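Asker: whatever this is, show me its structure:
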Amino acid sequence: MVTLNTDDMAPVINRLRRAQGQLGGVIRLIEEGRDCREVVNQLAAVNRALDRAGFAIVSSGMRECLASGDGMSEEDQATMEKLFLTLA
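Answerer: Sure, this is the predicted structure:
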């Protein structure tokens, strides 16, 4: 099983909280009937923030598996590959 180092997750949590705030902003823009370009630009920023958070989570999981000293089991390798491809 791939576990995450909670110390590595503080920046990820901050990034996700920022993305949450940005998403709230996107909702407000839509509710206010703002320009489509403005909405799409803000939505793209949210998407990038979520992608970066996802990659950071996968990266942390890989580091944890490799740092365990035993390397990654085949099951863990398959799990990490699936997680990585989910983000692609």
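Asker: helices along the protein, start to end?
Answerer: 6-31, 36-67, 74-87 (DSSP state H).
Asker: using TSV, lay out those together with mean neighbour count and mean pLDDT.
Answerer: (Each C-beta comes from the backbone N, C-alpha and C, glycine too.) Converted to TSV, these look like this (neighbours: other CB atoms under 10 Å; pLDDT from 0 to 100):
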stretch	mean neighbour count	mean pLDDT
helix 6-31	14	93
helix 36-67	15	87
helix 74-87	13	77
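Asker: give the residue farthest from the middle of the chain.
Answerer: Largest separation from the mean C-alpha position in the chain: Gly33, at 28.7 Å (CA atoms, centre = their mean).
Asker: separation between that one and Val39?
Answerer: Gly33 is 10 Å from Val39, where distance means CB to CB, to the nearest Å.
Asker: which ones are touching the nearest residue to Leu4 once chain neighbours are set aside?
Answerer: Of all residues not flanking Leu4 in the chain, Ser60 sits nearest, at 5.4 Å (CB to CB, 6 or more residues apart in numbering). Neighbouring residues of Ser60 by CB atoms under 8 Å, 6 or more residues apart in numbering: Leu4, Asn5, Asp8, Met9, Val12.
Asker: Arg52 reaches Arg18, doesn't it?
Answerer: No: judged on CB atoms under 8 Å, Arg52 makes no contact with Arg18 at a distance of 10.3 Å.
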